[in-house]
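K.L.:
coordinates only, no sequence provided:
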C-alpha cells in the first residue's frame, strides 16, 4: 500500500489521501473537523500518524505544512460586504428552486414552465435549457462535488438525469405513481435518490439508469432526502411526522424516528454521520443518534412552524428558521440555544451555513435576505434588491457568492400585472479564491 499524493480540502477541513492497494487506486479522508487556528499542528500530525500508516515519517513535515495551510484558511478575516451585481429574469412561470455547482461557476433553476435552465454565474448568460418533462420541474440538484450531472424531479412522476456540459438527457427514471418532489445524489455520485408524493423513495443507479431499490414504509408524502457522507445510509422525512433511516445497500429501514407531532420540513445528517437533525411543523427541532436512532434532545423556542433546519460542516451547530420570523442557532453538544437571529419582519423559509460555518444566510418573505454571524447572532448585512418574497437562497462552496430566488411582480397599465421569477446575485467586494481543494504532491 503506497501513498500517491495528498489533497487539501478546505471545507470541511481535511486531508484526502490517494493511494494504491493491490494495484487498485483508492482514496480516504482524514477529517479535521475540530481544527482551530491555534491547534498545535505538530502534535496533531503525530496523533494522525499513530492511527494512519500511510502518513509515514518521510511525509510528516509536508502534512504539518498542509495542516498549517488549513489553519491559515480558518483564521482568515472575513469582514467583507456583499454587493448586488446582477438580477436575472429567469422564467416566466414560477421558480421552484435554485442551486449552485460546487465552484459557483454555474447554477440551475427549476420552474413551473416544465424546464430546468443552466446559467453561467459570471455573465448571467443562459447556457442551456433542459426540456423534456411534461409537468412542473420541482426538485433539482447537481452531483456535487463533481457537478457534471444534474437531476430533475417533476410532477410528471419522473426524474431525469442530464449532462451539465451538453444538456443531453442520459436517463429518465420511471416508477413513481405520483409527483417527485425531492432529489438527492450521494457524495460518491453513483446513486440518485427520489422522494415522491406516493409515500416512497427510490434509489437509482446513475450509470445503468436502473432502479436499485424502493424504500417503502412511510404513510404520507416524502418531502426530504439526505444521504450521509459515506453513502451507506439515507434518511427520508415525511408528512406522516416521522423520519426513516435506511440502509442503502439493502433498502432495509434501520430506524424510524418517531416523536414529532407535525409534518417534517427537513432532515439532515451531520458530516461525520453521527447525528441527525429534524425540523417540523410542530414548532420543534429534534436531535437524534444516527447509529441507534435514539432521541437525544428536543430543541424548542420557536413560536410557529419550523420551515428549515441545517448543520454546520462540523456538526457542532444547528440552525433553524421559522414562520415566526426568527432563526436560532443551537449547540449540538449541549443542545442550548446560543444565538437568536432577529430582524426579519416575516417568515423565514430557508436557512444555510456557508462552508466555513461562521456565516448564516436566511431568506424571508419580507423581501430581504440577511447575513448573520453564526457565533453571536449579529446581523452583518441586509441583502436588498428584491421586490417580493424570497423563497430560496444559497452560498457557493467558497462562500464568496450568494444567490437568491424571489417573486417579481411587474406592474402593467390599468392596474394589471404579472408575476415573473427573478434571481439576485451577490458577491464579495474583496475577491476570494474560487477553488476549495488543491493538489499537493507527497
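P.N.:
Thanks, I have it. No experiment lies behind these values; they were computed from the predicted model shown.

K.L.:
three-state assignment of the residue lying closest to residue 224 once chain neighbours are set aside?
P.N.:
The shortest distance from residue 224 to any non-neighbouring residue, by CB to CB, 6 or more residues apart in numbering, is to residue 237 (3.8 Å). (Each C-beta comes from the backbone N, C-alpha and C, glycine too.) Put simply, residue 237 is strand when judged by DSSP: H, G, I helix; E, B strand; the rest coil.

K.L.:
give the contact list for residue 237.
P.N.:
222, 223, 224, 225, 243, 264, 265, 266, 267, 278 (CB atoms under 8 Å, 6 or more residues apart in numbering).

K.L.:
for residue 192, same thing?
P.N.:
Contact analysis of residue 192 by CB under 8 Å, 6+ apart lists 141, 143, 151, 159, 161, 173, 183-186, 203-204, 206.

K.L.:
next one: residue 399
P.N.:
Counting by CB under 8 Å, 6+ apart, residue 399 has contacts 78, 354, 355, 356, 359, 432.

K.L.:
and if you look at residue 129?
P.N.:
So residue 129 contacts 115, 116, 117, 118, 167 (CB under 8 Å, 6+ apart).

K.L.:
quick check: the residue nearest to the spatial centre of the chain vs residue 36, distance?
P.N.:
Nearest to the mean C-alpha position of the chain, counting by CA atoms, centre = their mean, stands residue 352 at 7.8 Å. Distance of residue 352 to residue 36, given as CB to CB, to the nearest Å: 23 Å.

K.L.:
from the contacts of residue 129, which ones fall inside strands?
P.N.:
116, 117, 118 (DSSP state E).

K.L.:
tell me the bridge partners for residue 184.
P.N.:
Bridge pairing for residue 184 (DSSP bridges) gives the partners residue 193.

K.L.:
isn't it up against residue 222?
P.N.:
No: the pair residue 184 / residue 222 is not scored as a contact, 11.1 Å apart, by CB atoms under 8 Å.

K.L.:
so the closest residue to residue 243 other than its chain neighbours versus residue 83, what's the distance?
P.N.:
In space, residue 243 comes closest to residue 257 once its chain neighbours are excluded; the distance is 4.2 Å by CB to CB, 6+ apart. Distance from residue 257 to residue 83, counting by CB to CB: 42 Å.

K.L.:
settle it for me: which of the two has more neighbours?
P.N.:
residue 257 (23 against 13; other CB atoms under 10 Å).

K.L.:
I figured that one hits residue 293, correct?
P.N.:
Yes: here residue 257 reaches residue 293: they are 6.1 Å apart, a contact under CB under 8 Å.

K.L.:
which residues do the two both contact?
P.N.:
residue 245.

K.L.:
contacts only, for residue 72.
P.N.:
residue 37.

K.L.:
endpoints of stretch 311-330, how far apart?
P.N.:
10 Å (CA to CA, to the nearest Å).

K.L.:
chain center to it: distance?
P.N.:
14 Å (CA atoms, centre = their mean, to the nearest Å).

K.L.:
do stretch 117-136 as well
P.N.:
20 Å.

K.L.:
buried ones in that stretch?
P.N.:
By neighbour count on 16 or more other CB atoms under 10 Å, the buried set for stretch 117-136 is 117, 118, 119, 121, 128, 130, 132, 133, 136.
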